[in-house]
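Colleague: from the sequence below, what's the structure:
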Amino acid sequence: MASNSDDRELTAYLQKNLTDARALVADIENRQKTLFRLIECIVSLQPRFFRDGKTLRPMTMSEIADTLGFNVSTISRAVHDKYIVCAAGTVSLKSLFSSGYTGGESGKADGALSSVVIKRRLVDIVSKESPDAPLSDSALQDIFAREGVTLSRRTIAKYRDELGIASSLKRKNKFSK
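Modeller: As a prediction, this is how the structure comes out:
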């Protein structure tokens with residue numbers, strides 16, 4: 001009798017673990033399919049980036065979530081700590097998402113520029129400025145406006161800070177010493 005009850009307990013234990021293992025495999029397969037669909041969607045929306053590694057159009061997690069029928073939090077979790085190898089090298093999936101601005105020709109994709117392209121242009125402009133007369137955020141705003149890109153002075157200041165570029169006053173003081 002003891003052996004009979006041991007067999008039932010063992011069978012129940014094994015059955016439970018088998019069910020758990022099957023559920024785990026199904027979850028992993030579902031995660032793999034989700035990630036595949038996500039990457040497929042990103043590549044279809046960013047063909048130029050995956051071809052030349054430079055032109056990144058604005059794309060939000062919300063846009064992808066709507067396209068795929070997922071919640072934004074699902075997209076956020078799916079791209080967390082995930083990388084893809086492409087023409088630009090190994091890039092974080094999360095880095096492919098950015099807000100956008102309309103206008104400009106450089107980096108133009110469907111009439112929109114990503115914040116990444118704007119930041120690259122900001123670095124380019126500041127690197128070519130005169131050390132004696134660094135450009136203020138308002139002057140940078142005017143340059144972008146002439147290029148057809150509408151940005152607020154606060155956005156330029158935010159991007160400048162994110163890029164580690166000092167204010168015009170500090171840049172001038174740096175060169176005048």
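Colleague: surely Phe49 meets Leu96?
Modeller: Yes: counting by Cβ atoms under 8 Å, Phe49 touches Leu96, with 7.5 Å between them. Every C-beta, even on glycine, is put in place using the N, C-alpha and C of the backbone.
Colleague: mutual contacts of the two, please.
Modeller: Common contacts of Phe49 and Leu96, defined by Cβ atoms under 8 Å, 6 or more residues apart in numbering, comprise Leu56.
Colleague: where do the helices sit along the protein?
Modeller: Remark: helices assigned in the chain by DSSP state H are 2-45, 47-52, 61-68, 72-79, 115-127, 137-146, 153-162, 168-176.
Colleague: between those helices, which gets nearest to Cys86?
Modeller: Closest approach to Cys86 among the helices of the chain is made by helix 47-52 (5.1 Å; Cβ to Cβ).
Colleague: would you mind listing the buried residues in the closest one?
Modeller: By neighbour count on 16 or more other Cβ atoms under 10 Å, the buried set for helix 47-52 is Phe49, Phe50.
Colleague: same question, stretch 73-84
Modeller: Buried-residue list, stretch 73-84, by 16+ other Cβ under 10 Å: Thr74, Ile75, Ala78, Val79, Ile84.
Colleague: off-centre distance for that stretch?
Modeller: 10 Å (Cα atoms, centre = their mean, to the nearest Å).
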